[in-house]
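>>> sequence first, then the predicted structure, then my questions.
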Amino acid sequence: MKIEKINELFARFAGQLLKMRWITLGIFTLVIILSVIGMKRMVKETSFDDYFIEDDPMLVMTDEFKSHFGNDYYVGVLTQCDDHFTKENLTMLRALSNELLDSLSYADKVTSLTDSEFMVGSDEGMTIEQIVPDEIPAEGSAAMDSIKARAYSKPHVARKLISQKGDLSWIMVKLRQFPKDSVWKKQGTVACSPSIRKTQSSGSN
């Protein structure tokens with residue numbers, strides 16, 4: 001009996017639609033047109049911020065990072081050793097900084113202890129030099145003590161690069177703006193460095 005009643009209801013509904021078929025088609029067409037117009041105004045949010053509550057610790061740390069570096073388009077590498085102010089460790093830190101700049105796709109600039117400029121006053125005016133010179137001196141020398149003094153002379157710079165004990169140091173790689181999705185699809189899902197692309201193309205041949 002229930003099935004028969006349901007069938008009767010559907011039959012009545014179909015009959016009403018047939019009687020007003022032109023009105024029904026007009027309403028359906030109007031809904032389709034409005035939907036197409038509305039899709040053009042649709043805004044898609046892809047930020048990961050929407051997945052967290054307002055005071056989530058992840059968002060708090062992200063905001064703190066942006067306050068120091070301006071935005072979050074960065075790659076950070078934290079290095080740790082007994083003392084960064086030695087010839088061996090500074091040489092390794094510089095090599096790692098250069099490797100990150102050369103190998104990371106869309107890398108724009110590297111900021112590290114060995115890649116930071118320092119303004120020095122002289123009789124002729126102001127000159128801009130690197131905190132760590134091209135020729136890294138030996139540990140325990142006056143030149144190495146001068147490097148350490150320069151690194152800690154500006155607290156707002158030192159806070160971003162080196163810990164107070166000298167055992168921790170940041171390498172920050174600033175990235176260029178990422179391309180649109182259409183460019184990503186042409187390049188592949190993973191953005192490889194030029195050397196990796198060259199290796200892949202030679203391997204396929």
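Here it is on my side, so go on.

>>> sec struct for residue 53, please.
At residue 53 the chain is in coil, as set by DSSP: H, G, I helix; E, B strand; the rest coil.

>>> how far out from the middle of the chain is stretch 52-68?
Remark: stretch 52-68 is offset 14 Å from the chain centroid, using C-alpha atoms, centre = their mean, to the nearest Å.

>>> CA atoms of that stretch as CSV?
C-alpha atoms of stretch 52-68 as CSV (Å, rounded to 0.1, in the frame of the first residue of the first chain):
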residue,chain,number,x,y,z
PHE,A,52,43.2,26.6,11.8
ILE,A,53,41.4,28.5,14.5
GLU,A,54,42.2,32.1,15.0
ASP,A,55,44.6,31.7,18.0
ASP,A,56,46.2,28.4,16.9
PRO,A,57,49.9,28.2,17.8
MET,A,58,50.8,27.5,14.1
LEU,A,59,49.2,30.8,13.1
VAL,A,60,50.8,32.7,16.0
MET,A,61,54.3,31.4,15.0
THR,A,62,53.6,32.2,11.3
ASP,A,63,52.7,35.8,12.2
GLU,A,64,55.8,36.1,14.4
PHE,A,65,57.9,34.8,11.5
LYS,A,66,56.3,37.4,9.1
SER,A,67,57.0,40.2,11.6
HIS,A,68,60.8,39.3,11.4
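
>>> correct me if wrong: residue 17 contacts residue 24.
Yes - between residue 17 and residue 24 there is a contact under C-beta atoms under 8 Å: 5.5 Å. Yep, even glycine has a C-beta here, placed from its N, CA and C like the rest.

>>> quickly list what's touching both of the two.
Taking C-beta atoms under 8 Å, 6 or more residues apart in numbering as the contact rule, residue 17 and residue 24 touch no residue in common.

>>> contact partners for the residue nearest to the spatial centre of the chain?
For the chain, the residue nearest the mean C-alpha position is residue 73 (3.3 Å; C-alpha atoms, centre = their mean). By C-beta under 8 Å, 6+ apart, the residues touching residue 73 are 174, 175, 176, 177, 178.

>>> try it again with 6 Å
Contact analysis of residue 73 by C-beta atoms under 6 Å, 6 or more residues apart in numbering lists residue 175.

>>> so which bits of the lengthiest helix in the chain are buried?
For the chain, the helix with the greatest residue count under DSSP state H is helix 21-40. Using 16 or more other C-beta atoms under 10 Å as the test for burial, helix 21-40 gives no buried residues.

>>> ok, residues contacting that helix?
residue 17.

>>> what do you get for stretch 89-101?
By C-beta under 6 Å, 6+ apart, stretch 89-101 touches 81, 107, 110, 112, 114, 115, 132, 136, 171, 173.
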